[in-house]
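Novice: Return a 3D structure for these sequence lines:
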Amino acid sequence: MTSRHTPAPDPVGLLSLDQWSELPEDELGRSELQEGVLIVSPRPRRRHQDTLGGLYTVVQAALPSDLHAIMEIDVIIDAGFPPTVRVPDLVVVAAEAGEPLHAHDVVLAVEIVSPGSARLDTVTKLSEYAEAGIRHYWIIRPDRTLSSFALVDGEYVGVTHAIGTFTATEPFPVTVDLTRL
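Specialist: All right, here's what the predicted structure looks like:
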């Protein structure tokens, strides 16, 4: 394993966006930046990854040519200091969106709840994504329910879909068989 030397951040200080971007790729866990604090969590388990792979396949096949789905990529939620950078399980962005991705580039963010991430996905990220202006947010739980949210007047309005088929018309037409994820 090759590693490059990057100075460690001050353990009592907050990271800037520049310091975040200089960190080496995390090979052991999953890193996000929450208001300047580096948060590292374990890589998702197989069931989570199977759900993500199945969802990606369905979403990518349904997208119009001007949209593109990307799994597990950094999205700058707040570039001000202290910054917040999240790694949604799946995002849909305009095909021509560049890097780094910012919240305004994201048409849809999807989080798949894992053990230990329920509060983060259903409370913290729900609030952050709405405040950042991400127009659509889906949360998939281990029981195969899907909550879909749309941004209305700066707040998410949502509905939960039970096991079965979920059909959306916005932000693009798609039908997801939740029992197959």
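Novice: Now do the longest helix belonging to the chain: distance to the chain's middle.
Specialist: When the chain is parsed with DSSP state H, its longest helix is helix 46-62. A distance of 13 Å separates the centroid of the chain from that of helix 46-62, by C-alpha atoms, centre = their mean, to the nearest Å.
Novice: just checking, next helix/strand downstream of it?
Specialist: As assigned by DSSP states H and E, the chain's next helix or strand after helix 46-62 is strand 67-71.
Novice: what sits against the closest residue to His136 other than its chain neighbours?
Specialist: Nearest residue to His136, sequence neighbours excluded (C-beta to C-beta, 6 or more residues apart in numbering): Leu108, at 4.3 Å. For the C-beta atoms, the positions are set from N, CA and C on the backbone; glycine is no exception. The neighbourhood of Leu108, defined by C-beta atoms under 8 Å, 6 or more residues apart in numbering, consists of Leu90, Val91, Val92, Ile134, Arg135, His136, Tyr137, Trp138, Pro171.
Novice: Next: Arg45.
Specialist: Arg45 touches Ser114, Pro115, counting by C-beta under 8 Å, 6+ apart.
Novice: Pull the contacting residues for Leu90.
Specialist: By C-beta under 8 Å, 6+ apart, the neighbours of Leu90 are Leu52, Leu55, Tyr56, Val59, Ala69, Ile70, Met71, Glu72, Leu108, Ala109, Val110.
Novice: isn't the fifth one right up against Val91?
Specialist: Spelled out, it's Ala69. Yes: at 7.2 Å, Ala69 and Val91 qualify as touching, with contact defined as C-beta atoms under 8 Å.
Novice: Compare the two (neighbour count), which wins?
Specialist: Val91 (25 against 20; other C-beta atoms under 10 Å).
Novice: The more buried one sits in which helix or strand?
Specialist: Applying DSSP H and E as the criterion places Val91 in strand 90-94.
Novice: okay, that strand in PDB with CA atoms only?
Specialist: Presented in PDB, the C-alpha positions along strand 90-94 are these (Å, rounded to 0.1, in the frame of the first residue of the first chain):
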ATOM      1  CA  LEU A  90     -26.000   8.000  -4.300                       C
ATOM      2  CA  VAL A  91     -26.500  11.300  -6.000                       C
ATOM      3  CA  VAL A  92     -28.000  12.400  -9.200                       C
ATOM      4  CA  VAL A  93     -26.400  15.400 -10.900                       C
ATOM      5  CA  ALA A  94     -26.500  17.200 -14.200                       C
END
